[in-house]
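# Structure for this input, please:
(4 chains)
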2 protein chains.
Amino acid sequence: MTSANSSARPGRPRSSVDAEVFSATLRTIDELGYTRATVDRIAASAGIAKTTIYRRWPSKGALVTACLVDTFGPLPLTGRSRADDLATAVRYGAAKIGEPGVAAAFAGVFTDAIGDPALRELLAGQLQEPYRVVLHEALGEPDQRILFLIDVVIGTLLHRMGMTGEPMVESDVDALVRMLQRELG
Amino acid sequence: MTSANSSARPGRPRSSVDAEVFSATLRTIDELGYTRATVDRIAASAGIAKTTIYRRWPSKGALVTACLVDTFGPLPLTGRSRADDLATAVRYGAAKIGEPGVAAAFAGVFTDAIGDPALRELLAGQLQEPYRVVLHEALGEPDQRILFLIDVVIGTLLHRMGMTGEPMVESDVDALVRMLQRELG
DNA sequence: TTGGTATCGATACCGACGGTAGCATAACTC
DNA sequence: GAGTTATGCTACCGTCGGTATCGATACCAA
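Predicted coordinates:
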């Protein structure tokens, strides 16, 4: 019979540096902005070679998208009520987008995704789609409403970061929560 | 007395090609995306030399910002009622952001503005500030509420364009109008 | 007509960036 | 050991944002 040992691939195993790379990516983007955060600098900050990055991700946009998917984990919903889950989702998004480098990374990927359909599919499929599914289940609203909700939450928070460079203040996040609770309540 | 003729500067006058440049900028960004819409290509599309562009705008980001300021003209408010003015503003923004190249230009400038404080000030001061003033007057709401409103409208519409590449459908724009009318009504 | 001035097109150039190729070497399995 | 895969390193390519330069051009004033 063939060797059925699942983790028995020959050759040198991949070094587990993905976490360091993601951390270095956000750190570098936060310090220098998306454009000046070159792949060379990110690799140097992660302590690896630039070629190693291109062996794992096909482009800078794909790297940053993977970085965002890693940063935005699963939504920590409570399931107590629709209003509660909605508020949790909004505040979770606000917290994540307020983390250093996240908003800049988001804007950069959006820009790269124009005229790069593969990257746009990656962005919509890997980043937005999981939240669409879980919010559809938690809120019991049709998909069109869920996608609208995501547009409002993420778009609003990103626009504030893009215009001011600062995360949205808590009182405005509160207003966003109340507005959407009225909308979906 | 000194020669007080206002339009009597010596030398060759500037050729009036700003409109062609703005048109070429949006056209090229729409065709190729922000990154691949190089200043060379924009200049060629406008039928002028690249150096002429850099004599009028200090950077690609400044050119695109000026292009957006030109595209987004003054808000055509009716003054009939707050609800009417609000709906008009939202639909005006949706129409403009749906025009070819506008959303891509917006996203690109946001990306460039990170780590370029001068460009960010240009963006906030030239593009956002006029709308803040006129909406503050028309809606009679405090500045914080107006800025929040702008974040929601522009952010939501841009996020939809960034994720799907298509403008927001009319039914969703309607939902956006109703949601904000409830919020500010 | 002449001279002064500011803009224009064209070209060449620089530094930086995204991405690729090649090679020696290290790390693992059998 | 042999075979296989990943890594670091260096060198390289094409492109892009932005600058410098120069002759030609279009205006004004005298």
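
# per-residue confidence for A:Val133?
As predicted, A:Val133 sits at a pLDDT of 98.

# same deal with A:Arg178?
Note on A:Arg178: pLDDT of 98.

# Over to it. Which of the three states is it?
helix (DSSP: H, G, I helix; E, B strand; the rest coil).

# Please work out how many residues are found near it.
Per other Cβ atoms under 10 Å in any protein chain shown, the neighbour tally for A:Arg178 reads 15. C-betas here are computed from N, CA, C, even on glycine.

# which ones are touching it?
Contacts of A:Arg178 were listed using Cβ atoms under 8 Å, 6 or more residues apart in numbering or on different chains, and none were found.

# And the pLDDT at the closest residue to A:Pro167 other than its chain neighbours?
Nearest residue to A:Pro167 in three dimensions, chain neighbours excluded: A:Gly98, at 3.4 Å (Cβ to Cβ, 6 or more residues apart in numbering or on different chains). Listed pLDDT for A:Gly98 reads 98.

# Just the C-alpha atoms of the helix or strand where A:Leu135 lies, please, in PDB.
If you go by DSSP states H and E, A:Leu135 is part of helix A:129-139. What follows is helix A:129-139, C-alpha atoms only, in PDB (Å, rounded to 0.1, in the frame of the first residue of the first chain):
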ATOM      1  CA  GLU A 129     -18.300  36.300   2.100                       C
ATOM      2  CA  PRO A 130     -17.700  34.700   5.600                       C
ATOM      3  CA  TYR A 131     -19.300  37.700   7.300                       C
ATOM      4  CA  ARG A 132     -22.200  37.700   4.900                       C
ATOM      5  CA  VAL A 133     -22.900  34.100   5.800                       C
ATOM      6  CA  VAL A 134     -22.600  34.400   9.600                       C
ATOM      7  CA  LEU A 135     -24.600  37.700   9.600                       C
ATOM      8  CA  HIS A 136     -27.300  36.200   7.400                       C
ATOM      9  CA  GLU A 137     -27.700  33.400   9.900                       C
ATOM     10  CA  ALA A 138     -27.500  35.600  13.000                       C
ATOM     11  CA  LEU A 139     -29.800  38.400  11.800                       C
END
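
# For the closest residue in space to A:Ala49 that isn't next to it in sequence, pull up the helix or strand it's in.
Nearest non-adjacent residue to A:Ala49, counting by Cβ to Cβ, 6+ apart: A:Ala43, 6.0 Å away. Using DSSP H and E, the element containing A:Ala43 is helix A:39-46.

# Tell me if that helix is near DNA strand D.
No - Helix A:39-46 lies out of reach of DNA strand D by Cβ under 7 Å from any atom of the strand, never closer than 7.7 Å.

# Run through the neighbouring helices and strands of whichever helix or strand comes after that helix.
With elements assigned by DSSP H and E, the helix or strand that comes after helix A:39-46 is helix A:50-56. Identification of packing neighbours for helix A:50-56 by 3 or more Cβ pairs under 8 Å, 6 or more residues apart in numbering or on different chains; DSSP states H and E yields helix A:18-36, helix A:39-46.

# tell me which residues in helix A:50-56 are buried?
A:Ile53 (16 or more other Cβ atoms under 10 Å in any protein chain shown).

# Show the average pLDDT along the helix or strand just after it.
Next in sequence after helix A:50-56, counting helices and strands by DSSP H and E, comes helix A:60-71. Averaged across helix A:60-71, pLDDT comes to 98.
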